Every structure is written in structure tokens, then in C-alpha cells.
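S.K.: I would like the atomic coordinates for the input below:
(one chain, ligands or ions: 1)
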Amino acid sequence: MAKKVGVVGAGPAGLLLAYLLHREGIEVVVLEARSRAYLEQSPHRIRAGVLEWGSQEVLLQAGLGERMLAQGLEHRGIYLAFDGGMHRLDFPSLTGKSIWVYGQQFVVQDMIQAHLAAGGEIRFEHEVLGLEDGGLVYRTPEGAVERLACDFVVGADGSHSRLRAQIPKARVHQKIYPFAWLGILAEAPPAAEELIYASHPRGFALFSMRSPTRSRNYLQVAVEEKLEDWPEERIWAELNERLGGVAEVRPGPLLEKSLTPLRSLVVEPMQHGRFFLMGDAAHVVPPTGAKGMNLALCDAVLLYRALLAYYRRGEEGPLLRYTQDALRHVWQAELFSYFMTTLLHTPADSFDEGLRTAQLRHVAESPHLQRFLAENYVGLYTSGRHPGLLSQEV
Ligand code: PHB
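M.R.: Predicted coordinates:
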């Protein structure tokens, strides 16, 4: 049977789009190469943990926010730590908004559960091999090669997207940074009740959390470093060193340890004919600005609205404008992620370090720069542009 929309990839973008379309009675199928258990636990890779106010608003309006409200943590600020001091940015007074700390794995679990409970279709362990006129070619878990006819195909297959190549003459704007993040998840209380972004001559460190008893911490390391170079004691000692005495982390059992290189990437255009890209398949940000999952949700909302306008009223305009509309929030998030990355990471070059230190002191002193940072962090210019998922005309 012909499906209207074929979505490749069951991450936050693909799942939100499928869930919203299905709710409107538009036939949609999600094909995902990995198993449900892998996606839901995903212990192998660093996953994000911050929802902008607009993202949490979208999840609430979509009926996906129940567990987020119960178990997520509302945060009304972040700390910048440097030169032995702590500077707090208070989001409500700077922007009138706040953010939510809630792991991407939980967002994905909630979406899979809600979509399947509503009768939606997700085919796990189905590997997409390519596009063919009018549909998708994939391999079933049993090894059979089959075809799925669709009106539209959406590639939401992550940062190593295979489908990205389906856009002929796409321009790939890319920046590679000379550092990586060593991330740990530990059964240990967080360093503070809010996130600490710590800048130290030895390198950047981030102190985040998943719950009041579970911390998520990161260290800037060189790209060529290996996990074996970092035994547990060394990680905890380095985290405390980079806190510079403003707080202290107490070691606890490690649940996860991973390395992620930092890069920025934008694919342009994000569409070709009846094929569209969303999320990390279309753009990657370094994790410093906590924008990745939020951008993925922004794309899904935009494409949902465009597809709904097409199916409800036969309007093609919003679909044709998808790249143009999406790139506005994408470049804004790229700008902020780049800003936060260069502001906080210790570079090798001493001139760059001089500039960075000047910028950091300026942020600490200037209410204007604090507002710039807070507005971007809570997402006024990304998800905040379209939080009215249900209230706005589609
Ligand atoms: C996280 O909690 O994993 C996290 C938080 C803030 C960031 C990046 C990652 O900027």
C-alpha cells in the first residue's frame, strides 16, 4: 500500500514528525536501521539533555510532555565559572523564560511509546538502501529487499546520514574544531543545582545532570586522545581541577564514558523535489550551546506544518520554502554554538586565547552580552519562533 510520507530515522526529528502527521490522519511510516532497545538505551554515544522553552512547549502541546514535567528539571539559569569566580545568568530576568534538563533518550522513549500507542508504525531494524522513483528501498531484518512507495521521503538519519547524498549539488558548509569532549554519566550528585560551564587554562569543563543523583560531566580534550588515556580517577581529578575551587564534584560509579569530536555542518539546500532532510542529517552543531535536539524538533515542526498545508489545502508554498525557513533557525543556532565553543574552549594559539579571555570578561561585565547569551540559550530565535504548534494556523 502506498504511504504518504516515509521517514528514515527514529530520532527526535523523525519521531516528532511521524507522531504529528499520524495524529492528523496522514499516513506515515518510520524506517529505522537500529533496534528499539539500542535507541532507547543508547549507552554508546553522548546524547543531549537541554530543551529550550519552545521545545518543551512543543512537546507539551503535542501531548508528549507528561514524563518530562514529572521527571525533567526546570532550570532558571546557568553558571559561567572562570578566574576563580562564578557568574550566574538568570534566564527569567534576562528573557522571561527558562529551560528544561531532560535527556534525549527519554524524549525518544516517550515519542516511541506515544506513537506506537496511537497506532503509528515504526519498523525497527529496517535499513534503508536508497531512494527510487516514488519511494524507498530497504532491507528487512530477515534480509529481504523491499520497496515502499511514498509521496514524500524525509531523511532524518542522523549526523552520519546516508540520505544526505540524495541532494544533488548540495553545498556542505563545515567547520572542524581542534578539540573533542570526553563525557561521563555517573551515579554521583551534580556539582551544583544548575549547569556550570567552566573555563580553565587546562581546558573547558561542563557540569550537567540528568537527575539530582546523576551527573553528566564533560572535559575538553585533544582530538587524538583515547578513552584508555582517561581512567576514572584521572577524570574526576581533572574535573575538580577545572572547577577552580568554585564547587566540587564527588566521584561516583561511572555508567557511561565516551569521546565526541566537535564540528559544525550545514547542508544547503535541505530538500530536493519530494525529498527533505531534518535534524543532524541536515546540520550538526558542537554540543556547547546545547542546540542539537532543539534544532531537530524545529525542523520537524516546520516540515509538519508544510506537509499539513499541502495535504489539507493543496498549498505547495510552505514545502517549497522549507529550506529557507529552516536555515534561519539553523544558522542562528550555528552562530550561538560557535560563539559558546570559542568563548569557552582553551585554544592552542596564545593570540586566540587573549581574544577569548577578553570576550569572557566582557560577558561577565556586560548586561547586553548576558542577554544575548541567555536569549540564545533559551531559544528565542530557534524553537521560540514557532512554539505555537497547535494555536497557529497551519
Ligand atoms: C548535557 O547535559 O548533556 C549537556 C548540557 C548542556 C550542553 C551540552 C550537553 O551544552
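S.K.: Could you tell me which residues of the stretch 151-300 of the chain lie near the ligand?
M.R.: 195, 206, 208, 216, 287-288, 290 (Cβ under 6 Å from any ligand atom). Just so you know, the C-beta spots here come from the backbone N, C-alpha and C atoms, and that holds for glycine as well.
S.K.: CA atoms only: put the least confident helix or strand in the chain by mean pLDDT into PDB for me.
M.R.: One helix or strand of the chain scores below all others by mean pLDDT, DSSP states H and E: helix 36-41, with a mean of 87. Provided in PDB are the C-alpha atoms of helix 36-41 (Å, rounded to 0.1, in the frame of the first residue of the first chain):
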ATOM      1  CA  ARG A  36      14.300  -0.200  19.700                       C
ATOM      2  CA  ALA A  37      16.400  -1.300  22.600                       C
ATOM      3  CA  TYR A  38      19.500   0.400  21.100                       C
ATOM      4  CA  LEU A  39      17.700   3.700  20.500                       C
ATOM      5  CA  GLU A  40      16.100   3.700  24.000                       C
ATOM      6  CA  GLN A  41      19.200   2.900  25.900                       C
END
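S.K.: Distance-wise, check the residue nearest to P168 when sequence neighbours are not counted relative to the ligand.
M.R.: Closest residue in space to P168, ignoring its immediate chain neighbours: H272 at 6.5 Å, by Cβ to Cβ, 6 or more residues apart in numbering. Counting by Cβ to the nearest ligand atom, to the nearest Å, the gap from H272 to the ligand is 32 Å.
S.K.: quick one, phi psi at H272?
M.R.: For H272, the backbone dihedrals (degrees, to the nearest 10) come out as phi -150, psi 110.
S.K.: what domains does the record give for this protein?
M.R.: The record's domain split for the chain, according to automatic domain parsing, is 2-76+89-175+263-346+365-385, 177-258.
S.K.: starting at the chain centroid, how far to the first one?
M.R.: Relative to its chain's centre, domain 2-76+89-175+263-346+365-385 lies at 8 Å (Cα atoms, centre = their mean, to the nearest Å).
S.K.: ok, back up a step: so which of the residues of the stretch 151-300 of the chain next to the ligand is the closest to Y177?
M.R.: Nearest to Y177 among these: T288, at 9.4 Å, using Cβ to Cβ.
S.K.: Quick check: bridge partners of the residue nearest to P168?
M.R.: Taking DSSP bridges as the rule, H272 bridges to F275.
S.K.: residues touching it, list them.
M.R.: By Cβ atoms under 8 Å, 6 or more residues apart in numbering, the contact list for H272 reads 166-168, 170.
S.K.: So how do I select the buried members of these in ChimeraX?
M.R.: This is how ChimeraX selects the buried members of the contacts of H272, with burial counted by 16 or more other Cβ atoms under 10 Å:
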select :166,167,170
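S.K.: Taking the contacts of H272 together, which two end up most distant?
M.R.: Using Cβ to Cβ, the two most remote members of those are Q166 and A170, lying 8.8 Å apart.
S.K.: List the contacts of A191.
M.R.: Per Cβ under 8 Å, 6+ apart, neighbours of A191: 207, 215, 217, 239, 243, 247-249.
S.K.: Same check on V8?
M.R.: Counting by Cβ under 8 Å, 6+ apart, V8 touches 14, 30-32, 128, 136, 153-157, 163.
S.K.: does the closest residue in space to S264 that isn't next to it in sequence sit in a helix, a strand or a coil?
M.R.: Excluding the flanking residues, the one nearest S264 by Cβ to Cβ, 6+ apart is K175, at 4.3 Å. Classification of K175 using DSSP: H, G, I helix; E, B strand; the rest coil returns strand.
S.K.: these two touch, right, K175 and T341?
M.R.: No - using Cβ atoms under 8 Å, K175 is not in contact with T341; the gap is 9.4 Å.
S.K.: Looking at those two, which is more packed in?
M.R.: Of the pair K175 and T341, T341 is the one with more neighbours under other Cβ atoms under 10 Å, namely 21 against 15.
S.K.: how near is the residue of the stretch 101-250 of the chain at minimum distance from the ligand to L185?
M.R.: Closest to the ligand within the stretch 101-250 of the chain is S208: 3.2 Å, counting by Cβ to the nearest ligand atom. S208 is 10 Å from L185, where distance means Cβ to Cβ, to the nearest Å.
S.K.: Now do the helices in the stretch 151-300 of the chain.
M.R.: 232-243, 292-313 (DSSP state H, counting those that start in this stretch).
S.K.: Can you report phi and psi for the nearest residue to A281 once chain neighbours are set aside?
M.R.: Ranked by Cβ to Cβ, 6+ apart and with sequence neighbours excluded, the top spatial neighbour of A281 is S161, at 3.6 Å. Phi and psi for S161, reported as degrees, to the nearest 10, are phi -40, psi 130.
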